[in-house]
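No letters, just coordinates:
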């Protein structure tokens, strides 16, 4: 039965996230973007009301809700600031492998303490030489008795430096490619971890993005998630499950940009009338709305499938690709509508445009998404 | 300690007000909880927390959608909610509204009733105070700070008055009306929102609380609206954008010579 | 029932508040139409010497309840005395100033008499013995006209709407003492904390100078205070300034602050969001200073200056000082 309406609780939850974003995030977003400093107090506030760890099971201190509810929250957070949303979604990325493959003992040891207080996780997959070609990672996990010795460098890791836990994708043997994958849970205070400098990014600057270097880090075998060699599948399933949330971020940024453009178009007068009365502007706004509504429904579909435990690789790739590409177009058009004012930092739209670009790149580039989609079609 | 909070919905303050046929047109209105009622609710929660005991009950009068106001109050931590709903209540003026509330309150135990100082729709600022008179208890209005005495038999409340602050002591049971600045209302939590699903909200109608036809509704109103109009649009005058210093001198003189206000 | 109008005249710190005279003026206009008289009532302690101006402004009679138990206002106490007076004298209309005291007293009094009450009213029309009372609703976004089914009519009236009549010192009111039976008082003022220094009350001020987010920092409010001082004005603040902690809530003008009706409102560094406009757009004249030419405040300003307020306000201060010296 198809029913795209929200229950009372879903509406209330979304409204809560919206108020939080408007009251707590929006007032500090521009400054966080400028300074690049991570606003940790937001994690504390979000944790207190349950806006992070939404999909972690209730018995381990999470919200016990689905990816659908998480997407409602993420869209609102992203409309406040995509950098903050990215940080929260990345934390989910670090925790979702536990949701999927952790033993009860691992959930007690890692998940429970992490959810009990304001804390973040990070997901370490990308390396200097391994981006889209994720299977080519060279971070080695060498078995030594009851431990793995971890050596390697991860690049562009969001939440590096804030996270209490690193969920690391490593390989037992690079020549095995995906068959050698192993996923390890590494506490941030483990000996041998060092962090690179903060990347000076184009956008989503409130989030911390740094290199993480593992030098002979000893990881107990009990901290391995799932079996040896099963790691690649676990990583892919994690990315599949969270892809709707990433797409939801795109919807949030795009919506914020559209709303700002609508407001501006009504106020700005040229040639004796508000520019909102010109068809050229009206067509641009309509196209924004069309893409946002379509993106959101694709997000909801992908999220619903994730909650039903249905394989959603195809649907989530479409959602992410369409929403991210749309967000880029929409935020660019928003800057255009603002004209000169859109180009200066005093107005919020240039930030939305800079923030949107990364959505087409991380969590699987738009090109990779297209490959995934075409593979489904050509099976 | 039994704490009762009276809440109601009002149109979202961002809404542009539309008038049709001499009445406010609510066909596209989005409703929110009256902001002053949120201060009242938050104060109720804080009283409960400070005393480490107590029961917090919400009460509202309104159609089906008024349950949303109760649900959002339950989501921040109220214990129970009562929905006073009956066609006979519709169109009640402040006196009748207070009368309905007083009848409902007679059915439960209360030590303190917190209301918002006014509804931001019709801005009467009367219901809380009328309620106190009908229940024959003291009231303190526009409260900016509230303390319950150790013996739980009286309260000390601060209120803003012209030129300063007043500190008022009142015996319990009492009614207070909440002013902005009393507290910072808290967010609900996801857990709180989901927990509301399991709560049962009883509905009480006119008969159950002993409200007769001549006590409530449009017919019983002591004060009636005959017409609503929009105020004349204020038209802007002169905006000077040349040189700040010269413009300032110009305006100063215009105020004296043209507007003649100095 | 008589055709008289009863004005509840409020006293504060040993003086009658201006609103009392405003109501006597409007009350007389209404009473004349009804063929009745305007009367006033004062409650308090040691108030005998301040009653003269009520007659000078037009009251025919002044009822006085002068007693130590009435030294401090209580809703129950004042309500009891007034309820008794109203039942005995049966005025057709009771007018109370919409001051903090008036807004606290009137609903309790109305409930005791089981009559309707119109709050914060701005206009009165008499037609065929019925009153049609106008009052703002939705923070002034709409205007309502109301009537009442009960008698006496009762209304609290917004300050600064009606001009007080010119006083005629040859006109004296008859004074009648009434009993101060206050009954049980269960809510009492136990302390009063006055604001440090003389502060003109916003809701009663003729000129207001307000500051907003454009001031950038709390210490810059001194600019606003200086300008206010030169003009003999009250100081106000926008919600942004209050939320930022630069000024207390009692300074806030706007929907969730105070609604003001001065003759002149000068807004500095205030964008003019709807919530703020709701509190001041019925000012007679509005001057706006803002460096953003698109600020909504310019749509309602009679005189707008687009410019940096740190440049503009000092010049205004200088210019007003000059004009003051000229006389």
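That came through, no problem. What you see is a predicted model; the values in this text were computed from it and never measured. Numbering: from 1, shown residues only, chains lettered A, B, ... in the order given.

What count of nearby residues applies to the residue of the stretch 201-327 of chain C found nearest chain A?
Closest contact between the stretch 201-327 of chain C and chain A, by CB to the nearest CB, is at residue C:294 (6.1 Å). For the C-beta atoms, the positions are set from N, CA and C on the backbone; glycine is no exception. Counted by other CB atoms under 10 Å in any protein chain shown, the residues lying close to residue C:294 total 14.

what about it, which SS state?
State at residue C:294, reduced to three classes by DSSP: H, G, I helix; E, B strand; the rest coil: coil.

For it, which non-adjacent residue is closest in space?
Of all residues not flanking residue C:294 in the chain, residue A:267 sits nearest, at 6.1 Å (CB to CB, 6 or more residues apart in numbering or on different chains).

pretty sure the one you found contacts residue C:292?
No: with contact defined as CB atoms under 8 Å, residue A:267 does not reach residue C:292; the gap is 10.9 Å.

Of the two, which one has the most company?
residue C:292 (14 against 11).

mind checking the longest helix of chain A?
With secondary structure taken from DSSP state H, chain A has its longest helix at helix A:231-267.

That should have said chain B, apologies.
Under DSSP H, chain B gives helix B:35-51 as its longest helix.

elements contacting the helix or strand bottoming out on mean pLDDT in chain C?
In chain C, no helix or strand scores lower on mean pLDDT, DSSP states H and E than helix C:274-280, which sits at a mean of 88. Helices and strands touching helix C:274-280, by 3 or more CB pairs under 8 Å, 6 or more residues apart in numbering or on different chains; DSSP states H and E, are strand C:264-268, helix C:297-300.

List the buried residues for the longest one?
To tie it back to what came earlier, the one meant is strand C:264-268. C:264, C:265, C:266, C:267, C:268 (16 or more other CB atoms under 10 Å in any protein chain shown).

Next up, the contacts around residue A:114.
Contacts for residue A:114 (CB atoms under 8 Å, 6 or more residues apart in numbering or on different chains) come out as A:53, A:95, A:121, A:164, A:165.

ugh, typo on my part, it should be residue C:33
Listed by CB under 8 Å, 6+ apart, the contact set of residue C:33 reads residue C:126.

Tell me the backbone dihedrals of residue C:182, please.
phi -100, psi -10 (degrees, to the nearest 10).

returning to that earlier point: quick one: average pLDDT of the longest helix of chain B?
For helix B:35-51, the per-residue pLDDT values average out at 97.

Is that helix positioned near chain A?
No: with CB under 8 Å from any CB of the partner chain as the criterion, chain A is not reached by helix B:35-51; the gap is at least 11.4 Å.

List the buried residues for that helix?
So helix B:35-51, judged by 16+ other CB under 10 Å, has buried residues B:35-45, B:47-48.

so which of the residues you listed also contact chain C?
When the buried residues of helix B:35-51 are filtered against chain C using CB under 8 Å from any CB, the residues retained are residue B:35.

ok, of the buried residues of helix B:35-51, which one's closest to residue C:118?
residue B:36 (19.7 Å; CB to CB).

partner residues bridging the residue lying closest to that closest one once chain neighbours are set aside?
Once flanking residues are discounted, residue B:36 sits nearest to residue B:116: 2.7 Å by CB to CB, 6+ apart. Residue B:116 has these beta-bridge partners by DSSP bridges: residue B:178.
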